[in-house]
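>>> Give me coordinates for this.
(chains A and B)
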2 protein chains.
Amino acid sequence: MFNEEERKYFLSKLIDFLKIPSVSATGEGIREASSWLKEFMKELGIKSEIVETNGHPVIYGEINNGGNKTLLVYNHYDVQPVDPLNEWKYPPFSATIDGDYIYARGASDNKGTLMARLLALTKYKGNLNFKFVIEGEEEIGSIHLPEFVEKNKEKLNADGVIMEGAGLDSKGRPMIVLGVKGLVYVEIIVKTGERDVHSSNAPVIYNPVWELIKILNSIYDGEKVKLRGFYDNIEKLPLETERLLESYDLDIETFKKSLGAYELKYKDKESVVYSLFTEPTCNIDGIVARYIGEGSKTIVPSIAKVKIDFRLVPNQDPVKIYNLLVDHLNHFKNVKIINHGLEKPVRTSPNTKIVKAMVSSAIKVYQTDPVILPNSAGTQPMGVFYDLGIREIVSAIGVGTPSSNAHAPNENIKIENFYKAIQHSLEFYKEYEKE
Amino acid sequence: MFNEEERKYFLSKLIDFLKIPSVSATGEGIREASSWLKEFMKELGIKSEIVETNGHPVIYGEINNGGNKTLLVYNHYDVQPVDPLNEWKYPPFSATIDGDYIYARGASDNKGTLMARLLALTKYKGNLNFKFVIEGEEEIGSIHLPEFVEKNKEKLNADGVIMEGAGLDSKGRPMIVLGVKGLVYVEIIVKTGERDVHSSNAPVIYNPVWELIKILNSIYDGEKVKLRGFYDNIEKLPLETERLLESYDLDIETFKKSLGAYELKYKDKESVVYSLFTEPTCNIDGIVARYIGEGSKTIVPSIAKVKIDFRLVPNQDPVKIYNLLVDHLNHFKNVKIINHGLEKPVRTSPNTKIVKAMVSSAIKVYQTDPVILPNSAGTQPMGVFYDLGIREIVSAIGVGTPSSNAHAPNENIKIENFYKAIQHSLEFYKEYEKE
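Numbering: from 1, shown residues only, chains lettered A, B, ... in the order given. Here you go, the predicted model:
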């Protein structure tokens, strides 16, 4: 693949980058990391700039290689906080090599992947044009990304997009994820009075928790969302796409253990996988009304709050569903709804050029069939690129594995997987250019 | 009524007592107040002692006047905390006289009442025997009172009990409350896993909040408790007792405002009053599951907790109802129940000697018919005395009014109401002896 000198150079650049903290939650190192990245991109021949937002900046870059086709590469340079610090074997920003692995916060999520995609350019001689959008707020909800994309929509036109990669499964097979679930995240607040009162008054005043439960019962019956219109427009998974799920690597017991769950809703792998990737949900993230301290206090609370996330599947429309909810809540008294974020579900067809190029390049590099998923179980900001009119968006090429400890202490990657990801990037650029 | 010298003495003793803080929540002044009280009771000829418990002590006293009849007097010497301190016009333990009023924490609840009952003994020459149980934990839930009563049950035998008094209504009429609602206070905890996980897993794992809501729906339908057997044994209010409710002083708008409630469940006074005093309830005091911070976090929580108080009416049995609940919860998985307290509902017949004596003495002192309620809307520890076999228990003779600010800043009483309560105590002792 690459010779010793090339490998040394690739690894040294990765280590340099991993040593710079870039914790978006606290802001630690964000400025240093963004400057380093812009300079490094310039070294690679990318016309790059730091674009300020109302939060952490986006690094934007372009290469015009004179071709007809443009690939937009989305990544992020920010990382999760490091706590609990005492559980790390090596300091999280020391980028310590131990055997075949390198340990650092961000190694897997997603500095390794970002560097692989950039370093592949040192070997790329083709005509594909590139645009890079590298944000600094992915780990805190991509707060200002939609604004950035909206402001620069002309500039960001492209034929295809590769998102932060899904990495490799436990069998070492590369994952290609063709989309994301969407999201409607709301908070519902019921306020029945100005203050909590003694619960001897319970016979004659409304309890906001019981009122909230009435509302929750009217929204969800424990299995299905009851909002009329919620399930409209759901795209039936084409049989060939549904079949893709069969190759997904999941062992029921291992999965259950990894979640710390006492029970799964389904007993067989097929149902778990099908449900995970194709079902919309109505999940309660949190609920609260006083009194929640130790022991007992006899009150009727005055306020009850719940946070709910609905995950959506193609082609549910988050704006439409949010409006259904608002209309529905109009039937109840003393209720307020807060919109904490809407994200569009996206699903790219397996028959697109970008998927074909991704599959053939993956087979070439990993010598095995990749695992293809119609979409992830979670949400990434794919919708902002979909809204630009781009219809070839995939999440693929990544350095992480299920044991990479993303978001946890001792985050790490196998160094060989880093080189493989560089090679995969390079092969993909070549294939995509040809398609 | 009383001459100038007597009034001066009564007031000076009240002031001495009010100046001693006795905040059970913090323990401030508890020892000093209990010693002062024991000494003062001795001055009055009461054989008294400080009885230690695992919390704050009970002051127990006895007078044997050689009669056939014994009255047990229940009060408490502890008070609520004083915060918010900056809202007080006078320091809460200064016992400042302003016009016709005296301001102090505890003046109304219930040092004024306690002192009135004790000071009446200076004028009492009859043969009624007395027992005094004056606890120091009423404001923190009478934690060790049942234990004290259980340990001393032989000693506490009596014909009747007067509890902490209900005071006067807004029209100045004395209140006589013949009983209390009971209580079952529980916490229900649903735990579906070892830790919170990312909400992309929501399609396949159980959300403890939705599971808890299923349980809550199975317990209460928004109007009625669904536990089979919950409404068994409820005593139908005799018509003559129901009629008593008609004289209860309540203005819908004023009441609503005093609670800070946006709406009452009933529009007419009769329904509000009837419901308040005769209906059992299932009230949620608090509910919590993560995430309850600002903004959004996409998780499936692992634990959800709810605190519920059921108020019971005669003759619902708190132990039986608690057991119904435990049996019911056995039908659900991953559920735990915590018992935070059971209290028996009590209702003394209006045809008892104690009620007759209380009514006739009240008319004599206040020159008006008293307001009689079959029971309070809340709970007092009457059940512990009922369990001794005593069937004449009332809550009456008190110094407070609706504007006394019990539990709030600027607690106060009208000094004249203090003298009236002494007189009422005295007349009641005389009448009860005769009955």
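>>> Let me see the ranges of the helices in chain A.
A:4-18, A:30-43, A:112-119, A:145-151, A:208-219, A:239-244, A:252-259, A:269-278, A:318-329, A:353-366, A:383-386, A:415-434 (DSSP state H).
>>> which of the ones you listed is buried the deepest?
helix A:112-119 (a mean of 27; mean count of other Cβ atoms under 10 Å in any protein chain shown). (C-beta placed from N, C-alpha, C; glycine too.)
>>> check whether the helix or strand of chain A with the lowest mean pLDDT contacts chain B.
Least confident helix or strand of chain A, by mean pLDDT, DSSP states H and E, is helix A:239-244 with a mean of 86. No - Helix A:239-244 does not reach chain B (Cβ under 8 Å from any Cβ of the partner chain); its nearest approach is 15.5 Å.
>>> packing partners for that helix?
Helices and strands touching helix A:239-244, by 3 or more Cβ pairs under 8 Å, 6 or more residues apart in numbering or on different chains; DSSP states H and E, are strand A:371-373.
>>> Please save the CA atoms from the least confident helix or strand of chain A in PDB.
Output in PDB follows, covering the C-alpha atoms of helix A:239-244 (Å, rounded to 0.1, in the frame of the first residue of the first chain):
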ATOM      1  CA  LEU A 239     -36.900  -5.200  -0.800                       C
ATOM      2  CA  GLU A 240     -33.300  -5.000  -2.000                       C
ATOM      3  CA  THR A 241     -32.600  -2.300   0.600                       C
ATOM      4  CA  GLU A 242     -34.300  -4.300   3.300                       C
ATOM      5  CA  ARG A 243     -32.000  -7.300   2.400                       C
ATOM      6  CA  LEU A 244     -29.000  -5.100   3.100                       C
END
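>>> Just the residues contacting it, thanks.
With contacts defined as Cβ atoms under 8 Å, 6 or more residues apart in numbering or on different chains, helix A:239-244 is touched by A:178, A:274, A:278, A:350, A:371-374.
>>> follow-up on the earlier one: and the helices of chain A: which comes nearest residue B:163?
helix A:208-219 (31.0 Å; Cβ to Cβ).
>>> any idea of the angle the closest one forms with helix A:318-329?
Interaxial angle of helix A:208-219 relative to helix A:318-329 (axes from the mean of the first three to the mean of the last three Cα atoms, to 10 degrees): 130 degrees.
>>> Now the spatially most central residue of chain A: closest residue in space, sequence neighbours ignored.
Taking Cα atoms, centre = their mean, the centroid of chain A lies closest to residue A:380, which sits 3.5 Å from it. Distances taken as Cβ to Cβ, 6 or more residues apart in numbering or on different chains place residue A:180 nearest to residue A:380, at 4.8 Å, with adjacent residues excluded.
>>> okay, now that neighbour: neighbour count?
By the criterion of other Cβ atoms under 10 Å in any protein chain shown, residue A:180 has 29 neighbours.
>>> repeat for residue A:50
Each residue near residue A:50 was counted by other Cβ under 10 Å, and the total is 14.
>>> and if you look at residue A:175?
23.
>>> what's near enough to touch it?
With Cβ under 8 Å, 6+ apart, residue A:175 has these contacts: A:165-169, A:370-373, A:396, A:398.
>>> again, 6 Å this time
The contact partners of residue A:175, taken as Cβ atoms under 6 Å, 6 or more residues apart in numbering or on different chains, are A:166, A:169, A:371.
>>> And the pLDDT for the spatially closest residue to it that is not a sequence neighbour?
The shortest distance from residue A:175 to any non-neighbouring residue, by Cβ to Cβ, 6+ apart, is to residue A:166 (3.8 Å). On the pLDDT scale, residue A:166 is placed at 84.
>>> Was I right to think residue A:166 contacts residue A:179?
No - look at residue A:166 against residue A:179 with Cβ atoms under 6 Å: they stay out of range, at 11.4 Å.
>>> Look at those two and report which has more neighbours.
Applying other Cβ under 10 Å to residue A:166 and residue A:179 shows that residue A:179 carries more neighbours, namely 25 against 22.
>>> Name all residues that make contact with that one.
A:346-348, A:375.
>>> so what's it scoring on pLDDT?
96.
>>> Please apply the same query to residue A:333.
pLDDT recorded at residue A:333 is 95.
>>> roughly how far apart are it and chain B?
7 Å (Cβ to the nearest Cβ, to the nearest Å).
>>> Likewise for residue A:330?
Taking Cβ to the nearest Cβ, one finds residue A:330 at 17 Å from chain B.
>>> That residue: neighbour count?
Using other Cβ under 10 Å, residue A:330 is surrounded by 10 other residues.
>>> For residue A:346, grab the count of nearby residues.
Neighbour count of residue A:346, defined by other Cβ under 10 Å: 30.
>>> Pretty sure it sits against residue A:381.
No - applying Cβ under 6 Å, one finds residue A:346 not in contact with residue A:381, separated by 9.7 Å.
>>> rewinding a little: in this structure the residue nearest to the centre of chain A contacts residue A:182, no?
No - Residue A:380 lies out of contact with residue A:182 (Cβ under 6 Å); the separation is 10.5 Å.
>>> Closest to chain B out of the contacts of residue A:175?
If you rank the contacts of residue A:175 by distance to chain B using Cβ to the nearest Cβ, residue A:166 comes first, at 12.6 Å.
>>> Next up, the contacts around the closest one.
A:175, A:177, A:395, A:398.
>>> For these, work out which two are farthest apart.
A:177 and A:398 (9.7 Å).
>>> how does chain A divide into domains?
Chain A breaks down into these domains under automatic domain parsing: A:4-180+A:345-434, A:182-234+A:280-343.
>>> Adding distance to residue B:361 as columns, could you present these in TSV?
Converted to TSV, those look like this (distance: least, Cβ to Cβ, whole Å):
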stretch	distance to residue B:361
domain A:4-180+A:345-434	68
domain A:182-234+A:280-343	27
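>>> what bridges to residue A:98?
Per DSSP bridges, the residues bridged to residue A:98 are residue A:101.
>>> What number of neighbouring residues does it come out with?
11.
>>> Surely residue A:211 is in contact with residue A:190?
Yes - applying Cβ under 6 Å, one finds residue A:211 in contact with residue A:190, separated by 4.9 Å.
>>> nearest residue to residue A:191 other than its sequence neighbours?
The shortest distance from residue A:191 to any non-neighbouring residue, by Cβ to Cβ, 6+ apart, is to residue A:303 (4.9 Å).
>>> Please tell me the pLDDT value assigned to the one you found.
At residue A:303, pLDDT is 97.
>>> now residue A:356
Residue A:356 is assigned 97 on the pLDDT scale.
>>> Good, wrapping up.
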